[in-house]
Structures are given as C-alpha cells and as structure tokens.
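Enquirer: Provided below are the primary sequence and the corresponding predicted coordinates.
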Amino acid sequence: MQTLSDILRILRDRGATRFFAKKLAPNDNSKNQIYLGGDFSALGLIPHEAVLIDETGIAGSVRDRAKAKVRFHWYTDGIFSAAPNAQLILYPKYPEVRLSGLLQGCRKAPDDVIAVRDEGRVLLFGVHPDGTIFGFACLADHPVASEIAGIVDPEMLGIFVMLTGYGMAGRDSRSALIEKLREIHLEGWIPSQKLGAAGTAQPYSARNGGGYTLEARLGIRANGFAEPDYLGWEIKQFGVSDLTKPVAKSQITLMTPEPVRGVYSSQGPEAFVRRFGYADRVGRTDRINFGGIYKTGSLPHHLTGLRLELTGFNPGSGKIEDMTGAIRLITPDGEEAAAWPYTNLIDHWNRKHARAAYIPSTFRDDPVSYAYGPIVMLYENTDFLRFLSAVSKGEIVYDPALKIEDATSPAPRLKRRSQFRIRQISLAALYESGGPVNLLR
C-alpha cells in the first residue's frame with residue numbers, strides 16, 4: 001500500500017509537475033461521469049485538446065455541449081495505462097464540466113474504484129508540462145485517501161485539493177510563490193536579463209525586459225508547453241511609476257490569440273490590414289496600421305469601420321447559449337472581418353489563468369534594470385464565463401497592434417499582435433477569490 005508521498009514521487013519521476021485531487025461523491029462513477037464543478041474553471045487545471053462542438057448528440061442539442069479529448073494515463077498496480085477515450089464534456093446551459101471515458105479501452109484501470117459509488121474515494125491528478133495527465137484512484141481505506149482526508153486546512157482551488165506544494169517543508173504553492181517574490185523584491189534593482197536555452201541568464205537590453213527579468217529570477221524557461229509558469233501560477237508583470245502605489249501605467253494584457261475566422265483567416269492578416277487599416281497617424285511613411293480600442297456596445301471605430309460584438313452569450317444569465325458563438329469584429333454591413341470562436345478561446349483563457357500572479361515593476365536606464373514591488377495581486381479560480389461577462393460589459397477590450405511597414409515595396413514587413421486587455425481595477429471580477437498581497441507581512 002503506497003502513501004501519498006510515494007504516489008507523488010512516482011508521478012514526479014514520470015515528469016508530472018502539478019498535482020491536485022478530488023474527493024469523489026457517490027455520483028462520481030463510470031456511469032455518471034466525474035463531476036468537475038458548476039462552471040468551466042476546471043478547464044484551467046486539466047490540460048485538454050481542442051474544444052469541439054459535439055455533433056453526435058440528439059438533433060437540436062448540438063449547440064448545447066462540447067467535448068475535449070484529454071491525454072489520460074492511469075497508474076494502477078505499478079503500471080501506467082492509457083485511457084484512450086478520456087474526455088471532458090462541457091455543458092454550458094448548467095454550466096458544468098464532467099470527465100468521462102476513463103475506463104473504456106484502458107488495459108489496466110481502477111474499475112473497482114471508478115465503477116462504484118462508495119463514499120471516501122479519491123481521484124488524484126498529476127499533470128506533465130506537455131499536457132499529459134496521470135491519474136491514481138483509491139478507496140476510502142487506502143493510505144492515500146486517509147492522508148488527503150487528514151490534511152489540516154488544505155490548499156483548495158474550487159472543489160480540488162491542491163497538492164503541488166505538498167511536502168515542501170510544509171508550504172503550499174501559494175506560500176512558496178509569495179516567499180520567492182519577496183526574495184526578488186528584496187534584491188532591489190536587477191539588471192535586465194533573459195534565460196537562455198541552457199537555463200543561464202543573459203543580458204537583455206530591449207525595453208520590454210520586465211517580464212523576462214522576472215521570469216529569469218523565477219527560473220522560468222521559455223518552452224513549447226502551454227502550462228502555467230511557476231508552481232501552477234501564471235506570472236504576469238506590469239509597469240508602474242511608483243512601487244509604493246502599484247497602479248498600472250496602461251491596461252494589462254490578458255492574452256494574445258489571433259483570429260481564426262473572417263477576412264483575417266480566409267484572406268490572411270496582411271490582406272486584413274490593407275483592407276481595414278489606415279495610414280500611420282504620426283507621419284511614418286509607407287506604413288499601414290490597424291489599431292484602436294474595440295469594446296462591445298461601442299460605435300464602429302472611426303478609422304477602421306469595425307465594431308466588436310459577442311454572439312451566443314447571454315449577459316443577463318452569464319451563460320453561453322450557443323457553443324458556436326464567438327467574439328467578432330464586423331463591418332457596418334455585418335461582414336465578419338475577424339472572429340475568435342468560444343471553443344478556441346476557452347482553451348487560451350483557462351489553461352493559464354486558473355491561478356495568476358500580477359507583479360508590478362519599475363524601470364531605470366544605465367544600466368537597464370528592473371525592480372519589483374512589495375504589493376502583488378494573487379487571484380485564483382477563474383472561469384471563461386467570467387471572461388465573456390467582462391467582454392460584454394466593455395471591461396475587457398480588444399486592443400490590436402498590427403502594422404505593415406514598407407507597404408508598397410516588393411518586400412513589405414507585417415507585424416501582428418492581437419491583444420485582449422483589461423484595466424487593473426477590473427481584474428478581480430475575473431476570479432472567484434484573491435486580491436493584493438503585501439510580501440513583507
């Protein structure tokens with residue numbers, strides 16, 4: 001019989017870096033699926049493939065749910081076995097998320113645990129940075145279930161017991177993050193730097209080094225994985241004028257997904273900028289820009305003629321009524337210039353924002369250096385529905401920065417950046433809990 005520490009060690013040896021558990025209710029079984037919460041916040045903890053509209057259901061219900069495959073492997077009796085039919089099912093009208101297909105087609109799965117309704121069962125998740133999930137399940141009389149049940153004041157995120165920091169000298173991941181950010185604040189001015197491929201810090205002279213320098217001090221390497229940055233927390237830095245009054249100089253960028261529909265997709269971003277863009281406003285020759293602030297409920301932008309709208313989302317109920325809906329930029333005659341379907345944005349938002357830390361920084365020249373403030377903002381448990389609600393209220397705006405330089409030359413240069421941004425004062429509405437934290441207390 002293996003202990004919780006034994007299981008975590010085995011999953012760490014397999015490459016997992018994040019850990020959490022769910023105490024299973026009687027309805028959490030192979031027939032009724034595993035309930036993951038009454039919103040979409042679980043999508044931020046459980047990596048998944050593309051969210052797709054379910055087209056196999058009853059006629060008329062196609063737009064009422066969506067599915068996403070997960071790469072799930074059971075650890076049972078010393079063996080790792082793939083569960084090829086594991087998937088998340090999203091029910092937007094409730095809303096809720098369930099995990100299904102955990103036993104079907106799996107060579108060695110814990111049927112005796114998942115197929116029953118016994119009280120006290122536990123399902124433990126270990127997440128690899130590449131998105132693979134390792135699962136371990138046990139009955140109430142197993143040492144792992146007993147140990148999890150006996151944790152005093154467990155670190156919780158929604159319905160999940162967070163275990164990433166378990167065994168780290170008694171610290172949870174939140175406490176470990178705060179301790180590390182305190183160390184970085186106390187360093188004072190830190191020369192601008194960026195971690196190289198070998199994991200060593202290299203000098204970095206460009207003026208956008210605040211985030212890179214913080215990541216270097218946290219030991220965060222750039223990689224191809226879409227996982228949170230540090231102990232399950234997404235790290236976001238923003239510039240301020242005074243660290244004692246950490247008010248962002250500008251709106252904070254939340255995410256930068258490119259449109260996947262409309263003219264932008266069908267004809268390409270260069271054609272999009274040439275059609276809807278405008279000559280540079282400060283006299284830089286042979287340059288076409290596409291910028292501006294776009295928010296729902298506003299008139300079309302005076303330079304581009306486009307306006308922002310939501311489809312398939314009910315702001316009154318806060319629910320998605322049509323999973324084929326999207327955030328759209330449209331022309332005055334209703335043509336779709338660019339669009340971000342909800343099935344794409346759910347993944348972009350949830351997988352990195354379940355737990356987010358916003359850290360203020362200030363800058364100085366000669367040498368280029370950054371200092372990080374003693375008051376940070378830590379937020380937990382977001383949900384894509386909160387994101388859409390903020391878009392519907394105009395709190396989140398689309399603030400693009402696209403341009404074509406040398407536009408009439410044989411080799412025009414396209415630079416593109418699609419940004420969804422928010423004012424600092426509105427951040428709290430995106431999360432269930434959190435707020436400012438003084439690192440020195």
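Expert: Everything's here; your move.

Enquirer: List the contacts of the nearest residue to Ile34 once chain neighbours are set aside.
Expert: Leaving out its chain neighbours, the residue that sits closest to Ile34 by Cβ to Cβ, 6 or more residues apart in numbering is Leu99, at 4.1 Å. Where C-beta positions appear, they are placed from N, C-alpha and C, glycine not excepted. Contact analysis of Leu99 by Cβ atoms under 8 Å, 6 or more residues apart in numbering lists Gln33, Ile34, Leu36, Ile46, Val70, Ala86, Gln87, Leu88, Ile89.

Enquirer: okay but the second one is in contact with Pro26, surely?
Expert: No: taking Cβ atoms under 8 Å as the contact criterion, Ile34 and Pro26 are not neighbours in contact, 12.0 Å apart.

Enquirer: Looking at these two, which one has more neighbours?
Expert: Per other Cβ atoms under 10 Å, whichever of Ile34 and Pro26 has more neighbours is Ile34, with 22 against 11.

Enquirer: element containing that one, please.
Expert: Assigning secondary structure by DSSP states H and E places Ile34 in strand 34-35.

Enquirer: Please name every helix or strand in contact with that strand.
Expert: Packing partners of strand 34-35 (3 or more Cβ pairs under 8 Å, 6 or more residues apart in numbering; DSSP states H and E): strand 96-100.

Enquirer: picking that back up, and the residue nearest to Ile34, how close does it get to Asp39?
Expert: From Leu99 across to Asp39, the span is 15 Å (Cβ to Cβ, to the nearest Å).

Enquirer: How about His48?
Expert: If you go by Cβ to Cβ, the gap between His48 and Asp39 works out to 16 Å.

Enquirer: which SS state does Ile184 fall under?
Expert: Three-state assignment for Ile184 (DSSP: H, G, I helix; E, B strand; the rest coil): helix.

Enquirer: what's the pLDDT at it?
Expert: We have a pLDDT of 97 for Ile184.

Enquirer: how about it, what does it touch?
Expert: Applying Cβ under 8 Å, 6+ apart to Ile184 gives the contacts Ile190, Leu214, Arg217, Leu218, Tyr372.

Enquirer: Let's see that with 6 Å instead.
Expert: Going by Cβ atoms under 6 Å, 6 or more residues apart in numbering, Ile184 touches Arg217, Tyr372.

Enquirer: Repeat that for Arg421.
Expert: By Cβ under 6 Å, 6+ apart, the neighbours of Arg421 are Gln251, Thr253, Val397, Asp399.

Enquirer: any idea where the helices of the stretch 51-200 of the chain begin and end?
Expert: In the stretch 51-200 of the chain, the helices defined using DSSP state H, counting those that start in this stretch lie at 111-114, 143-149, 173-186.

Enquirer: can you list the residues that contact the shortest one?
Expert: Contacts of helix 111-114 from elsewhere in the structure, counted by Cβ under 6 Å, 6+ apart, are Ser30, Leu102, Leu103, Arg121, Ala137, Leu139.

Enquirer: what does the second one give?
Expert: Helix 143-149 is touched from outside by Met1, Thr3, Leu4, Ile7, Ala21, Gly120, Val122, Cys138, Val161, with contacts defined as Cβ under 6 Å, 6+ apart.

Enquirer: Need the residue closest to the centroid of this protein.
Expert: Nearest to the mean C-alpha position of the chain, counting by Cα atoms, centre = their mean, stands Lys352 at 2.2 Å.

Enquirer: any idea which helix or strand of the chain has the worst average confidence?
Expert: helix 342-353 (a mean of 83; mean pLDDT, DSSP states H and E).

Enquirer: follow-up on the earlier one: so what strands line up beside the strand holding Ile34?
Expert: Counting by DSSP bridges, the strands paired with strand 34-35 are strand 96-100 (antiparallel).

Enquirer: hang on, the earlier thing: quick one: buried ones out of the contacts of Arg421?
Expert: With burial judged by 16 or more other Cβ atoms under 10 Å, the buried subset of those is Gln251, Val397, Asp399.

Enquirer: what pLDDT does the first one get?
Expert: Put plainly, it is Gln251. Gln251 is given a pLDDT of 93.

Enquirer: from memory it sits against Gln424, does it?
Expert: No: Gln251 is beyond contact range of Gln424, at 7.8 Å (criterion: Cβ atoms under 6 Å).

Enquirer: Identify all contacting residues around the longest strand along the chain.
Expert: Identified as the longest strand of the chain according to DSSP state E is strand 355-364. Around strand 355-364, the neighbours that count as contacts under Cβ under 6 Å, 6+ apart are 210, 232-237, 239-240, 243, 246, 370-373, 376-380.

Enquirer: Right, I'll leave it there.
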